[in-house]
Each structure stands twice: as structure tokens, then as C-alpha cells.
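Asks: this one's structure only:
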């Protein structure tokens, strides 16, 4: 790889990047945002000049997966992908991994640009040398291939916005493709998404992520004077079709990831209707400090290590062998959907059955402090390519 810094006013121009302006939205044909990390409200926006299709959007260059890539539509015009952090961002290095089509690299060269005084400033030109074709097995070793991964030393830049610009002659067959863009502060890369969560599978097979805000974390819960901390799953797709069916007491619940069981409520006792209403009334106006019996009902908690814990609430039953201290594998059945902890159970009825599923990250429930739309986006990212239990 060859990297050539643009000849301009040197360090003075770099320092002026402090004055970075927002992106010109009128240029973009495709764009969206994602939530950075796991428990933060910071949004990172991306925009591209064009996309080849839904599976080749700009997000594919920012998802930490070198086998997915942004690919532009075929065009004689220059193509680009921009990243806007929306606020001050320290950057010391940018890494670019080119994308491929049919094992041919779709990038001859590109230019790293920063926004300066309302226009794009050419910072570095990056040329991709060596063969433009990779062998069949090469894709399994791409992270170590020096001709695929190029590092641009920024020397320490404070800027909120940059883009990768590909002139027409830098494309192949009128298209450009970028597999990954990584940003570094010091020796650590910026974590766009929390990779610890990407391997989770759905706890209910073919579960349908709910459209309403009330089923996601942070939704108010007036009957107990608090806020929701999990995801409520009420429906799934029928096996082999797109017919929507309601979960019920026969619906299996599966471990979202392998780990150690840290709670399994084998001695669970349901509320009476009076007890349920009494506790509900009390918690409307009193902060919760300790709960002997919670509205979560019969529960299983699993510690997946590395700061990730998941909980499965309102279960009607727990499978044999699911005990505190025991090990479970990803996709193992741990129980069945129910309505335990809810008024329906207290009344001896079966209405309200659903799975309340919580993901805890480093001691905070996933979605803490996020707006409803952002919570939905984050859950959609986690389960967009998730394997189904028992697959």
C-alpha cells in the first residue's frame, strides 16, 4: 500500500479540523445512523453516494465484519462513504479494508477527506497495490493480509466528520467497495457496535421484534411505578411461513448464548390477587430497593461472561437440569413462555403470556438512557443476522 499525504498547509490545516462542519445532507442518496457501543446515546451517522442494494449499504463497512461490504451502484461518477460523529472526536489512525466482488478487489485507490470550512479537504491518498484478485482461501485470512488492510496515520486529529472518496478511475467496472473502516484513538479501535452482543440468538424461535415502543426497554410501567428493562416477545412467525402467531404456554424458550446459570426459580411461589395489587400499589410511589417476589415471576438468569448477563422472565416452567451453577449451551431449551408474576397468573388465568427478555451489559440493562427509536435500532442490529435456536 502507498499512502500520500496531501500537500496543503500542513499542521495548521490539521488543527483547523477543530472547526469541522456538519455533512451536506443534500449530497447523499443513502444514509442512516447507529448507536455507538452498548449503553450510550451517541449517534454516528453514515452516508454514501449510492448503494448496490440493501445488502451493500454503508453500514456494512462499519459492522466489524470483513466479509460484508459497502458496494456502490455502477456509475461513471465518483463514489464516497462519509462518517459523522456529530461532535468532537479524537482520531489517531484510520484503517481501510477494500471490498471484493467475485474475488476481485473493487478499489484501486481512494482519498481520505475531512470537512474543512464547509468543503472537503484531501488528507491522504491511499493506493492498493499487488494483485487485484484473491484466491478462494484468501478471504479466511484477510485480516492478516498486508495488501488488503491499509493504515492511515493521522498524526492526531480532532474532527467530527470524514469520508472515503473514490474517484472514477479508482473504481473497478464503475463500482467501489469497502469492507471495513476502523477508527483508532491511540492503540484502541473505536467500537461502533458491542461485538459481545453480536453472537446472541433469539430466545424464542422465529420471534418477531415488536413494533410498539411499550415492549422495549425504558417504556413506563405505571402499575409498578417504574420503567421496563427488557424486550417483550409476544409473537413469532409460524414455522416455514410468514404467518404471525402468538406465543403461549407451549412455546419453548432458549438460551441466547452459552454460559453459567446464576438463577433458576425452582421454589417460585405466585402472588395471590390481593398480594399482586398490594405490591403494585406500593411500588407506584416507593423506590424499589429489594423485592422478595418480583413482577418478573419465574425466572432464569444466565451469565455469559465478559460482562453480559441475560434474564428470561414470566416463565411457566423451567426445564430439568437448569439449575444455579449449571452450564448451558447456546440455543439450549431452558423453559417455556408463561405469565408468571403478572395479574393473570395471580387470578389463575393464562392471559398475558409472553417472554420478558433482558440483556445486561457491564451492570446496566441494554438500552438504558436511549430513546425508543434508538433502542429498537440496537435490538434490530443484534438479531438481524442471528441464528435461530436449534439451527
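Replies: Structure's in. What do you need? What you see is a predicted model, and the numbers here were worked out from it, not measured in a lab.
Asks: could you list every residue that touches residue 209?
Replies: For residue 209, the contacting residues are 231, 376, 379, 380, 383, taking Cβ atoms under 8 Å, 6 or more residues apart in numbering as the criterion. For glycine as for every other residue, the C-beta is placed from the backbone atoms N, C-alpha and C.
Asks: Mind giving me the ChimeraX command for buried ones among those?
Replies: Buried members of the contacts of residue 209, defined by 16 or more other Cβ atoms under 10 Å, are picked up in ChimeraX with:
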select :231,376,379,383
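Asks: Would you format the contacts of residue 209 as JSON lines with secondary structure and distance to residue 320 included?
Replies: Written out in JSON lines, the entries for the contacts of residue 209 read as follows (DSSP: H, G, I helix; E, B strand; the rest coil; distance: Cβ to Cβ, whole Å):
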{"residue": "231", "secondary structure": "strand", "distance to residue 320": "26"}
{"residue": "376", "secondary structure": "helix", "distance to residue 320": "36"}
{"residue": "379", "secondary structure": "helix", "distance to residue 320": "31"}
{"residue": "380", "secondary structure": "helix", "distance to residue 320": "34"}
{"residue": "383", "secondary structure": "helix", "distance to residue 320": "28"}
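Asks: ok, of the contacts of residue 209, which one's closest to residue 258?
Replies: The nearest member of the contacts of residue 209 to residue 258, counting by Cβ to Cβ, is residue 383 at 17.2 Å.
Asks: Now name the helix or strand holding the residue of the chain positioned farthest from its centre.
Replies: In the chain, the greatest distance from the average C-alpha position (Cα atoms, centre = their mean) is reached by residue 274, at 41.7 Å. Using DSSP states H and E, the element containing residue 274 is helix 273-285.
Asks: Show the pLDDT at residue 371.
Replies: We note a pLDDT of 82 for residue 371 in this prediction.
Asks: Residue 349 too?
Replies: If you check residue 349, the pLDDT there is 97.
Asks: you'd agree it is in a strand?
Replies: No. Residue assignment for residue 349, taken from DSSP: H, G, I helix; E, B strand; the rest coil, gives coil, which places it outside any strand.
Asks: Report how many residues lie close to it.
Replies: The number of residues packed around residue 349, counting by other Cβ atoms under 10 Å, is 11.
Asks: Also residue 246?
Replies: 11.
Asks: So it sits against residue 238, correct?
Replies: No. Between residue 246 and residue 238 there is no contact under Cβ atoms under 8 Å: 10.7 Å.
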